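1. okay, predicted coordinates and the sequence, questions at the end:
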Amino acid sequence: MDRYPHKSIEAKWKAAWEREGLMTVDLNSSGEKYYCLMMYPYPSGDLHVGHGRNYVIGDALARYKLMEGCSVLAPMGWDAFGLPAENAALAYNIHPAVWTAENIKKMKEQFFEWGVLYDWDREITSCDPMYYRWTQWIFLQLYKSGLAYRKAASVNWCPSCKTVVANEQVIAGACERCGATIAERFLEQWFFKITAFADPLLDDLGQLEDWPERVIAMQRNWIDRSEGQEILFAIDDINKSVACFTTRPDTIFGATFLVLSLDHPYVPQLIEGTEMESQIREFIEREKALKLSGRALTEPSKEGVFTGRYAINPLNEAEIPIYIAPYVLMEYGTGAIMGVPGHDQRDFDFAKTHGLDIREVIQPIEGKSPFPDAAFEGKGIMVDSGSYSGLTSEEGFDKIAEYLESRSQGKRTIHYRLRDWLISRQRYWGAPIPMIHCGNCGIVPVPEEDLPVLLPEDVDFRPKGEGKSPLARNEDFVAVPCPSCGKRAMRDTDTMDTFVDSSWYYLRYLSPNDTEKPFDKALVDTWLPVDQYVGGVEHAILHLMYSRFITKFLQSKGYLSFSEPFRRLFTQGMITKDGVKMSKSKGNTVSPGSIIESMGADTMRLYILFCGPPERDSEWKDDSVEGCSRFLNRVYRLFEKHRDVLISTGEETIDVETLNDNEKKLFRKTHWTIVRVIDDINDNFHFNTAISAIMELSNEMGAFSDKEKIEPGLRSASVLLFAFDSLVRLLAPMTPHLCEEFWERMGHETSVFRSPLPAANPEYAKGEMITLVIQVNSRIRAREEIPIDLGEEEVRKKALENVRIRELMAGKEPKKVIVVQNKLVNIVM
RNA sequence: GCGAGAGUGGCGGAAUUGGCAGACGCGCUGGAUUUAGGAUCCAGUGAGGAACACUCGUGGGGGUUCGAAUCCCCCCUCUCGCACCA
């Protein structure tokens, strides 16, 4: 048997949808609004089937929502700035803008091939001045609010990409993008003060009920709020006090030493003139070098050096030695800690290494303390703590805070792991930072009316690695009159992290061509938050945190009326091949082209949706793709066989009472399938089980077709038509071309996507007989067909009367009989 | 180490208010049709077993229950994220 003519069918409908503008939304329509957003991709060129999953899920969802009657907004755009364009440009001697444009063209063609539809009237491209003009505008708003600031900071420098990267882009000491070991550099950089929103970013996670638990957990861990106290320890020798942050002030009587980080500002003064000065300096230099090499990031070390100085514990006036050690980080808290070896394992290890005093000042309320073999890190009862002994950790926390605050020796504070977002990049292919450095006036923002600051096209963008952007070598770009005093000044030559571009793009889709403002408040307030956001979990922290931050910022300035951009988030799993992620470098990619050529885009889509639950990783199997193709061909043959009766008149009604057994069976199966499919899709997009339900229906139809005589005018024809009509509509979001073709051949003049989903009567879905399972002592001993919803007494009677069961009971009385309606009877002997 | 998720046939995976384990698909076995088929159709397919009897079976070990893939406790393995965060 030949395969159905997928090529002609698919070409026909792709063209028809484009002509009709199926996904073109009317923003003012009255229907229920549904903003269905895919994470916009980096235009890297060819997409393999692994990439396809995201778009196929999104497209099936958008089409499904259309059929639900929603006004669906499904836009697409391009995250088009970024390093790969520069790398490709260097490799192939082609301008990044040209390379990017070519890739965008290729990818649009691929979407078209897959039958993945978007409202292309709303297309946006982040490297388009029309777009990045407003990215720069957002920068200026942040600057005006004091939330974009410049700081000389120790930053993460990627020696391979020759740029600074954000903390979030450093994975275990390596560059997220290229894997090179990150080095530390001290440079002037622009930061966004995301920490100003730390609490709302944390607290509002609670509102995001439809986000995957793990994404919420990752964000929570990333922000990591710690409540504690900053306690001042006096250092008499230098007449200063050093602040130590701790979450456990209740352990302060166990503080037997104090540790400063290598970069702590007091270090030079502390060691100056001491006999160990040169030794200590050497130690610090050595440890810093180790840190740069990345070693310290993988091997926790308890190295440290005694300064010869002492600090005073403000609670018990004890003199405790001051150490300098790399395990205390300057970037967190105050860069100094009180060492409590009895109750912090790291301090314990440090004390053991250096022979320091270890004291027990907290005992567990229940259970046994690991002390003195290890630190007891739990809370409990304070002991050996002067007048505080006997208090719980919680009581001690408050009492000590009150005492210290009354003497100005400490205060309650909150610290976060979250750091400010470093957004400067010393790269060419990004949105220029709209700031000007004037010798007279200092740093001056570019006036809003002068935006965009255009990225010059003619630039030698080969990175030289001197820590400056390629733009710095372009005299025409750099030289600019100061907007404030008019004197000769210099443009900032860094560009923005591409995550700035993507932190607001979902707002721009509503008015992509607006030249007056970045987005239209009325429209975004109507259409946002995004109803469903779909993308990869790799953006769980970076993109999603930044977008939430920018949304909260814009809301705080009155530009938006909502505080969270994405109501629901769905993160699809990867498609793996041979157990690993598909990637060009591993050579295990599957190209959609040949599948579409031989079996059609519908088959590819069907398999992508069928291969497993969409939130989990799924393995690609070529053989199983074949199975999906077979299924579609079976449906097609069934249609061909009965096409004379599969014409909708719009008048069909079916009276269940008049149906014969086969007809009833198919009729009920159809209702059951409708319920199943709609439930499965609504339940976290479980297209895989929805499709298997549709396959069951198709099997049932095949059996029906073999058993019953089906001719025009017969009841059997109406039942089959009802089944087929339902199947076509349920399957349409997944295999749109073929279903659209069926729909037309069934006599419809408008698109199947303009017609509603089939409606089920749950009563009919139930069936009238069930198989009762009869157990004796929890083992299945018999089955019996009985009418559904039979009363408990009757069910019990049926079970006990069963021949096989009576045999097994051998005339004895059961101890107990458990009846579960419509399921089973368990006879306990 | 901390956090999240997962572990079910030869394979992808179904089944979760506790109630027929293995839906659906792949693969495999047998058959039909066919010049032929890697097309199509039918039947079978967790293991043991002659069996439609029966026994065993959802990573391992305990427990709760008439009944556990599902709930509780302990352990093992894998994936992902974070990782000297005071």
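-> Perfect, I can see it now.
2. name the element whichever residue of chain A sits closest to RNA strand B belongs to?
-> Using Cβ to the nearest atom of the strand, the closest approach of chain A to RNA strand B is made by A:Gly627 at 2.5 Å. C-betas here are computed from N, CA, C, even on glycine. Assigned by DSSP states H and E, A:Gly627 falls within helix A:622-641.
3. which elements pack onto that helix?
-> Helix A:622-641 makes packing contacts with helix A:601-610, helix A:687-707, helix A:715-731, helix A:736-745 when contacts are defined by 3 or more Cβ pairs under 8 Å, 6 or more residues apart in numbering; DSSP states H and E.
4. same for the longest one, what does it pack against?
-> So the one you mean is helix A:687-707. helix A:601-610, helix A:622-641, helix A:661-682, helix A:715-731.
5. that helix versus helix A:661-682: what angle between them?
-> Helix A:687-707 runs at 170 degrees relative to helix A:661-682, counting by axes from the mean of the first three to the mean of the last three Cα atoms, to 10 degrees.
6. equivalent analysis for the first one, please.
-> Taking the same axes, to 10 degrees, helix A:601-610 and helix A:661-682 form an angle of 70 degrees between their directions.
7. output helix A:601-610 as PDB - backbone C-alpha positions only.
-> Extracted in PDB, the C-alpha atoms of helix A:601-610 (Å, rounded to 0.1, in the frame of the first residue of the first chain):
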ATOM      1  CA  ALA A 601       6.100  17.100   8.800                       C
ATOM      2  CA  ASP A 602       2.900  15.700  10.500                       C
ATOM      3  CA  THR A 603       4.800  12.400  11.200                       C
ATOM      4  CA  MET A 604       7.700  14.300  12.700                       C
ATOM      5  CA  ARG A 605       5.400  16.400  14.900                       C
ATOM      6  CA  LEU A 606       3.400  13.400  16.000                       C
ATOM      7  CA  TYR A 607       6.500  11.500  17.000                       C
ATOM      8  CA  ILE A 608       8.000  14.500  18.900                       C
ATOM      9  CA  LEU A 609       4.800  14.700  20.900                       C
ATOM     10  CA  PHE A 610       4.400  11.000  21.300                       C
END
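8. who touches that helix?
-> For helix A:601-610, contacts defined as Cβ atoms under 8 Å, 6 or more residues apart in numbering pick out A:6, A:10, A:49, A:52-53, A:56-57, A:59-60, A:113-115, A:575, A:592, A:595-596, A:624-625, A:628-629, A:631-632, A:687-688, A:691-692, A:734-738.
9. again, only this time at 7 Å
-> For helix A:601-610, contacts defined as Cβ atoms under 7 Å, 6 or more residues apart in numbering pick out A:6, A:10, A:49, A:52-53, A:56, A:60, A:113-115, A:592, A:595-596, A:624-625, A:628-629, A:632, A:687-688, A:691, A:734-735, A:737-738.
10. go on, the second one?
-> Contact with helix A:687-707 is made by A:60, A:606, A:609-610, A:612-614, A:631, A:634-635, A:638, A:641-642, A:662, A:666, A:669-670, A:673, A:676-677, A:680-681, A:720, A:723-724, A:727, A:730-731, A:734, as judged by Cβ under 7 Å, 6+ apart.
11. wait, A:Pro733 sits on A:Ala60?
-> Yes. Because the distance of 4.4 Å satisfies Cβ atoms under 7 Å, A:Pro733 is recorded as touching A:Ala60.
12. would JSON lines of the helices and strands packed on helix A:622-641 with mean pLDDT be doable?
-> Shown next, in JSON lines, are the helices and strands packed on helix A:622-641 (pLDDT from 0 to 100):
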{"stretch": "helix A:601-610", "mean pLDDT": "94"}
{"stretch": "helix A:687-707", "mean pLDDT": "92"}
{"stretch": "helix A:715-731", "mean pLDDT": "93"}
{"stretch": "helix A:736-745", "mean pLDDT": "96"}
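13. would JSON lines of those with mean neighbour count be doable?
-> As requested, the helices and strands packed on helix A:622-641 are arranged in JSON lines below (neighbours: other Cβ atoms under 10 Å):
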{"stretch": "helix A:601-610", "mean neighbour count": "26"}
{"stretch": "helix A:687-707", "mean neighbour count": "19"}
{"stretch": "helix A:715-731", "mean neighbour count": "22"}
{"stretch": "helix A:736-745", "mean neighbour count": "23"}
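14. take those helices and write them to a markdown table, including distance to RNA strand B.
-> Shown next, in a markdown table, are the helices and strands packed on helix A:622-641 (distance: least, Cβ to the nearest atom of the strand, whole Å):
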| stretch | distance to RNA strand B |
| --- | --- |
| helix A:601-610 | 7 |
| helix A:687-707 | 4 |
| helix A:715-731 | 12 |
| helix A:736-745 | 15 |
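15. tabulate these (CSV), appending distance to A:Ser469.
-> Shown next, in CSV, are the helices and strands packed on helix A:622-641 (distance: least, Cβ to Cβ, whole Å):
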stretch, distance to A:Ser469
helix A:601-610, 41
helix A:687-707, 46
helix A:715-731, 52
helix A:736-745, 46
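16. hmm, the host helix or strand of A:Thr307 in reach of RNA strand B?
-> Using DSSP H and E, A:Thr307 falls within strand A:305-312. No. On the criterion Cβ under 7 Å from any atom of the strand, strand A:305-312 is out of touch with RNA strand B, staying 13.7 Å away.
17. ok, stretch A:798-805 next?
-> No. Stretch A:798-805 lies out of reach of RNA strand B by Cβ under 7 Å from any atom of the strand, never closer than 7.7 Å.
18. tell me how many other residues surround A:Gly558.
-> 8 (other Cβ atoms under 10 Å).
19. tell me the SS of it?
-> Under DSSP: H, G, I helix; E, B strand; the rest coil, A:Gly558 falls in the coil class.
20. how close does it sit to A:Gln141?
-> 11 Å (Cβ to Cβ, to the nearest Å).
21. what's near enough to touch the nearest residue to A:Lys621 once chain neighbours are set aside?
-> With sequence-adjacent residues excluded and distances taken as Cβ to Cβ, 6 or more residues apart in numbering, A:Lys621 is closest to A:Cys611, at 7.4 Å. Neighbouring residues of A:Cys611 by Cβ under 7 Å, 6+ apart: A:618, A:620, A:624.
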